[in-house]
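1. Quick one, fold the following:
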Amino acid sequence: MTPADLRYSKEHEWVRLSGEKATIGITDHAQKELGDITFVETPAAGRKLKQFESAGVIESVKAASDIFTPVSGTVSAGNKELERKPELVNQDPYGKGWILEVSGVPSADLDRLMTAEQYDAFVAGK
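-> The predicted structure follows:
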């Protein structure tokens with residue numbers, strides 16, 4: 001089930017906005033496509049990101065892929081737990097498997113993202 005309270009990018013990342021903070025991760029669809037996650041590289045705190053630019057790398061038994069930030073902002077934290085347990089992305093992609101947090105997100109960035117319904121249709125090829 002695709003959480004309705006998130007916004008989604010065509011690169012299969014999600015964002016949850018909570019006040020000034022945005023939490024970012026990859027979707028359940030993306031983690032299934034990648035297979036068993038073996039490594040996640042998160043950006044350093046303080047790094048300024050522009051919407052849709054590469055913010056890190058995620059590696060699995062199948063492939064390595066860039067993580068593209070769905071929103072602009074300044075990195076406030078990376079999920080350090082993923083250094084020891086990258087499989088959290090597979091186990092809980094919308095919870096403990098989050099990848100990074102940013103602050104200072106322009107509200108217009110959210111308008112360029114998909115709702116859960118739109119994302120589901122996108123993944124289904126509709």
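2. What distance do you get for Ala4 to Tyr119?
-> Ala4 sits 10 Å away from Tyr119 when distances are taken as Cβ to Cβ, to the nearest Å. C-beta: built from backbone N, CA, C; applies to glycine.
3. ugh, typo on my part, it should be Thr69
-> For Thr69, the distance to Tyr119 - Cβ to Cβ - is 16 Å.
4. Neighbour count for these two, which is higher?
-> Comparing Thr69 with Tyr119 by other Cβ atoms under 10 Å, the one with more neighbours is Thr69, at 29 against 22.
5. Show me the helices in this protein, by range?
-> All helices of the chain, identified by DSSP state H, fall at 28-34, 81-84, 88-91, 107-111, 116-123.
6. if I look at Trp98, how far off is Lys126?
-> Taking Cβ to Cβ, one finds Trp98 at 28 Å from Lys126.
7. out of those two, which sits in the more crowded spot?
-> Comparing Trp98 with Lys126 by other Cβ under 10 Å, the one with more neighbours is Trp98, at 23 against 7.
8. Next up, the contacts around that one.
-> Neighbouring residues of Trp98 by Cβ atoms under 8 Å, 6 or more residues apart in numbering: Thr23, Ile24, Gly25, Asn79.
9. Tell me, what's the model's pLDDT at the second one?
-> To tie it back to what came earlier, the one meant is Ile24. pLDDT recorded at Ile24 is 98.
10. Would you mark the buried spots in the lowest-mean-pLDDT helix or strand in the chain?
-> None of the helices or strands of the chain scores lower by mean pLDDT, DSSP states H and E than helix 107-111, at a mean of 92. Judged by neighbour count (16 or more other Cβ atoms under 10 Å), helix 107-111 contains these buried residues: Asp109.
11. now stretch 112-126
-> In stretch 112-126, counting by 16+ other Cβ under 10 Å, buried: Leu113, Met114, Ala116, Tyr119, Val123.
12. got it, and stretch 53-71?
-> Buried residues in stretch 53-71, counted by 16+ other Cβ under 10 Å: Ala55, Gly56, Ile58, Glu59, Ser60, Ser65, Ile67, Phe68, Thr69, Pro70, Val71.
13. Give me the most central residue, this protein.
-> Gly25 (2.3 Å; Cα atoms, centre = their mean).
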